[in-house]
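S.K.: Fold the stuff below for me.
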Amino acid sequence: MRAFLAITVPDYLKDYAFSIKKQLVSTAADVKWVERENYHLTLKFLGEIKPELTEKIKQDMESVADSCPILQLRVNKLGVFPNQKRPRVIWLGIEGEMEKLNFLGERVDAHLYILGFEPEKRRSFHLTLGRIRSESNKELLLQQLALINREVENISFPVHEFQLMESQLSSRGPTYLLHKRFMLRG
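M.R.: Sure, this is the predicted structure:
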């Protein structure tokens, strides 16, 4: 299965992100927009994993959750990866208790490294809104992004858990299936 570990965000934040997306759609830029129900923060992309590894990952992530505290995050700005000259991904940035979030990411990496997964070189937690497919109306999109960015609300949300998700790809886009929730208790 094609899997990843994620932090889902509450509906009120999905609604806010979706409202930003609707403003950006008006530019008619060539963007593959993320569906509202798929908004999340990626803790770790695992790729294709074998069924026999899934149970071990679940056990290890239970241990991670037991050692990590609940945390508070908030959205803070809009941006693009990799940069303004070559934008490919439109994102909503995250701030807040980043030391706790980074600790969670480090614990995930430490457990998964033993199972053969490479640790993250650089963490950049964000909510992906869309992926830019071509240069069409790119400048208009970047102008609109800059305007909206001036008024981004600092919407807070608690993180009580993370999930093991499966991504099923189709021509309509990905469908995410929940495999297991891991409640933070540390």
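
S.K.: Name the strands paired with the longest strand seen in the chain and say parallel or antiparallel.
M.R.: Secondary structure of the chain per DSSP state E: the longest strand is strand 71-81. Paired with strand 71-81 in the same sheet, following DSSP bridges, are strand 89-96 (antiparallel), strand 156-159 (antiparallel).

S.K.: Name the residues of it that are buried.
M.R.: 71, 73, 75-76, 78-80 (16 or more other CB atoms under 10 Å). Every C-beta, even on glycine, is put in place using the N, C-alpha and C of the backbone.

S.K.: Could you tell me how many residues sit around the closest residue to residue 127 other than its chain neighbours?
M.R.: Nearest residue to residue 127, sequence neighbours excluded (CB to CB, 6 or more residues apart in numbering): residue 92, at 4.2 Å. A total of 24 residues lie near residue 92 under the criterion other CB atoms under 10 Å.

S.K.: thought residue 92 was touching residue 126?
M.R.: Yes: in this structure, residue 92 is within contact of residue 126 by CB atoms under 8 Å, at 6.4 Å.

S.K.: Dump the C-alpha coordinates for the longest strand of the chain into CSV.
M.R.: Provided in CSV are the C-alpha atoms of strand 71-81 (Å, rounded to 0.1, in the frame of the first residue of the first chain):
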residue,chain,number,x,y,z
LEU,A,71,0.4,20.3,21.0
GLN,A,72,-1.1,23.5,19.8
LEU,A,73,-0.5,24.8,16.2
ARG,A,74,-1.8,27.7,14.1
VAL,A,75,-1.6,28.7,10.4
ASN,A,76,0.4,31.8,9.8
LYS,A,77,1.1,32.6,6.1
LEU,A,78,0.8,31.5,2.5
GLY,A,79,3.8,30.6,0.4
VAL,A,80,5.1,28.5,-2.5
PHE,A,81,7.8,25.9,-2.9
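
S.K.: Looking at that strand now, give me its mean pLDDT.
M.R.: Taken as a whole, strand 71-81 carries a mean pLDDT of 96.

S.K.: ok, residue 33 to residue 130 distance?
M.R.: 4 Å (CB to CB, to the nearest Å).

S.K.: what do you get for residue 56?
M.R.: Look at residue 56 and residue 130: by CB to CB, they are 34 Å apart.

S.K.: Just want to know which of these two has more residues nearby.
M.R.: Between residue 56 and residue 130, residue 130 has the larger neighbour count (other CB under 10 Å), namely 20 against 14.
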